[in-house]
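Novice: Here's my sequence, what's the structure:
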Amino acid sequence: MNSCEKIIEDVLTENYGQFYRLAYGYVRNEEDALDIVQESAYKAIKNSHSLKKPQYVGTWIYRIVINESISFLRKHKQQTVELYEADG
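Specialist: Predicted coordinates:
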């Protein structure tokens, strides 16, 4: 584990509740919000090499959670449209 991964892991652990509330604010579903935070944590650790300024790791993870939430909503909306069209 490199130093960036350790910093990211610490920030994720310390601020998990904030990241969950952020995701929940977008999707309004507990399970989906938990999935989004888990996927965001995975992506943050996986892409730790791309973090240029460790002092902004919290903001960086915050953006990942936002992007994952928006991506989830787009995917969910597309699935809803496809189901509606299939029923129609």
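Novice: Which pLDDT value belongs to Val81?
Specialist: pLDDT, Val81: 63.
Novice: oh sorry, the question was meant for Leu51
Specialist: Leu51 is given a pLDDT of 90.
Novice: List the contacts of it.
Specialist: Shown here is Leu51, whose contacts under the criterion C-beta atoms under 8 Å, 6 or more residues apart in numbering are Cys4, Ile8, Val57, Trp60. Using the backbone N, CA and C atoms, a C-beta is placed for each residue, glycine as well.
Novice: Just the helices from the chain, written as ranges.
Specialist: Residue ranges of the helices in the chain, as given by DSSP state H, are 3-14, 16-27, 30-46, 57-87.
Novice: how many other residues sit next to Glu30?
Specialist: Glu30: 11 surrounding residues under other C-beta atoms under 10 Å.
Novice: just Ile8 next, same as before
Specialist: For Ile8, the count of nearby residues is 24 (other C-beta under 10 Å).
Novice: So it sits against Lys46, correct?
Specialist: No: under the criterion of C-beta atoms under 8 Å, Ile8 is not in contact with Lys46, lying 9.9 Å apart.
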